[in-house]
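>>> I'd like to go over a predicted model; first the sequence, then the structure.
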Amino acid sequence: MAPEASKTHTPIPEPLRSRRTDGWRVLAVRFRLGPATMAGASLLCLLIGVLYLALQIRTIFSDQLRQEYIGLVIEAVERAESACNVVGVWQHLPEADGARAEGYRHARQALASRLASLAALVNASPSEASQVPPFALSPDANPDRTDAWLGAASAYWRAQRDLASADVRVRISHVADTLIALGAILFGMLIIVLAMYTRRTRQLVGRSHKLEHAALHDPMTGLANRRKLFAALEATATRPSADSTLQRIAVLYIDLDGFKRVNDSLGHRIGDEFLIAVSRRFRESVRQADVVARIGGDEFAVLVRDFSTDAELGEIAQRLINCVTQTDTLMGTGLVRASIGIASFPDPVRNYRRLVAVADETMYQVKRNGKNGYAFAAQAN
């Protein structure tokens, strides 16, 4: 016996396999079933269904007209059968007088008239139908033979009526099924439209949130910017308290001493990393309700909402100074410290709109007095 040939598979070259995979991916992306594609397909199915429904309804009307026509033919056949029966009755009467001959003649005339009407009706059929045979239209036609043909014609047309009725029932069932399918398609299209609207609304809301976040936050540190700080200050200062008294709020204005030397000596990348790290520590060192903002460059501000004593503000300021020191130590720069000015409302600053400016002025007093510390603002309007 000849040895069985070994079955080997030719390996597909890697570039060809890669191109084939990329082709499938392109097709998958191109024909991905998104809401718009599904809506288009549903609309196409809806149009096809409406077209099919119109054709079915048109056919039902045609079948109903055909049923009415068949009913007229059956009625004409029944009248001809009755006339043929009358002829048979007169034919079997005894020939006692001339009345029998006269009655028979009138009966044959009536049968001929009925058969002529039936022939005219059958000949007017839009489709092929069983025609009246010539022998039945003859004046001397055999009544028995004519009666036999009329019986066969009656059976034929009754069968045609049953077929037309069954066809109408089937088409009505198809119309009902089509209406159900169209209702399902319409419901599906409604769901798809709602899904598209919801998706679009979510996208717009997401973009709106992103734009709002970008407008109110510092892009590098993620802290609030000056605009959001002033908006939060306005909202906090004008919010009524439970006892109808002015809520005590404060602004701590922070400037990083020596930060410029970090950028000059170590580069702006290290400076940016320092700002990001110290911003994170600032945020972690205050309460969740307080607002930490980057005013610009190496200047920050903290809005403290509702405090009890100046000592509490001093503790917050010291924690902020420690945040700068810890960041400076961990990054090994050895150059950066912090000066903080503190202004509170309604005492000593009576106008909350001047809190940030007063805190800024107080911060510069700290810098003139040696830096790396904090101070409270004096009486201000």
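It's in.

>>> can you show me the helices along this structure?
For the chain, the helices defined by DSSP state H occupy 14-30, 35-91, 98-123, 134-137, 143-216, 226-237, 259-266, 268-285, 310-331, 355-368.

>>> winner for burial among the ones you listed?
helix 355-368 (a mean of 19; mean count of other Cβ atoms under 10 Å). Quick note: C-beta positions are derived from backbone N, CA and C, even for glycine.

>>> could you dump stretch 230-240 to PDB, C-alpha only?
Written as PDB, here are the backbone C-alpha positions of stretch 230-240 (Å, rounded to 0.1, in the frame of the first residue of the first chain):
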ATOM      1  CA  PHE A 230     -15.000  85.300  43.800                       C
ATOM      2  CA  ALA A 231     -18.200  83.500  42.900                       C
ATOM      3  CA  ALA A 232     -17.800  81.200  46.000                       C
ATOM      4  CA  LEU A 233     -17.100  84.300  48.100                       C
ATOM      5  CA  GLU A 234     -20.200  86.100  46.800                       C
ATOM      6  CA  ALA A 235     -22.400  83.100  47.400                       C
ATOM      7  CA  THR A 236     -21.100  82.400  50.900                       C
ATOM      8  CA  ALA A 237     -21.200  86.100  52.100                       C
ATOM      9  CA  THR A 238     -24.800  86.600  50.800                       C
ATOM     10  CA  ARG A 239     -26.200  83.300  52.000                       C
ATOM     11  CA  PRO A 240     -28.600  83.900  55.000                       C
END
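
>>> rewinding a little: can I get the helices of the chain in CSV with distance to Ala375 and mean pLDDT?
Shown next, in CSV, are the helices of the chain (distance: least, Cβ to Cβ, whole Å; pLDDT from 0 to 100):
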stretch, distance to Ala375, mean pLDDT
helix 14-30, 63, 54
helix 35-91, 61, 82
helix 98-123, 117, 81
helix 134-137, 129, 76
helix 143-216, 29, 84
helix 226-237, 20, 92
helix 259-266, 20, 91
helix 268-285, 19, 94
helix 310-331, 9, 95
helix 355-368, 5, 94
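
>>> just put those in a markdown table and tack on distance to Ser344.
Output for the helices of the chain, formatted as a markdown table (distance: least, Cβ to Cβ, whole Å):
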| stretch | distance to Ser344 |
| --- | --- |
| helix 14-30 | 60 |
| helix 35-91 | 55 |
| helix 98-123 | 109 |
| helix 134-137 | 121 |
| helix 143-216 | 24 |
| helix 226-237 | 11 |
| helix 259-266 | 26 |
| helix 268-285 | 19 |
| helix 310-331 | 7 |
| helix 355-368 | 8 |
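
>>> tell me which of the ones you listed sits nearest to Glu299.
The closest of the helices of the chain to Glu299 is helix 355-368. By Cβ to Cβ, the value is 8.2 Å.

>>> for Gly297, which of the helices of the chain is the nearest?
That would be, of the helices of the chain and by Cβ to Cβ, helix 259-266, which comes in at 8.0 Å.

>>> tell me the angle that closest one makes with helix 268-285.
On the basis of axes from the mean of the first three to the mean of the last three Cα atoms, to 10 degrees, helix 259-266 is oriented at 140 degrees to helix 268-285.

>>> so Val278 makes contact with Cys323?
Yes. Contact between Val278 and Cys323 holds when scored by Cβ atoms under 8 Å: they sit 5.9 Å apart.

>>> what's the closest of the helices of the chain to Pro346?
The closest of those to Pro346 is helix 226-237. By Cβ to Cβ, the value is 8.9 Å.

>>> which strands and helices lie in contact with that closest one?
Applying 3 or more Cβ pairs under 8 Å, 6 or more residues apart in numbering; DSSP states H and E, one finds that helix 226-237 contacts helix 143-216, strand 249-257, strand 291-296, strand 299-305, helix 355-368.

>>> among the ones you listed, which is nearest Ile342?
Of these, nearest to Ile342 by Cβ to Cβ is strand 249-257, at 5.3 Å.
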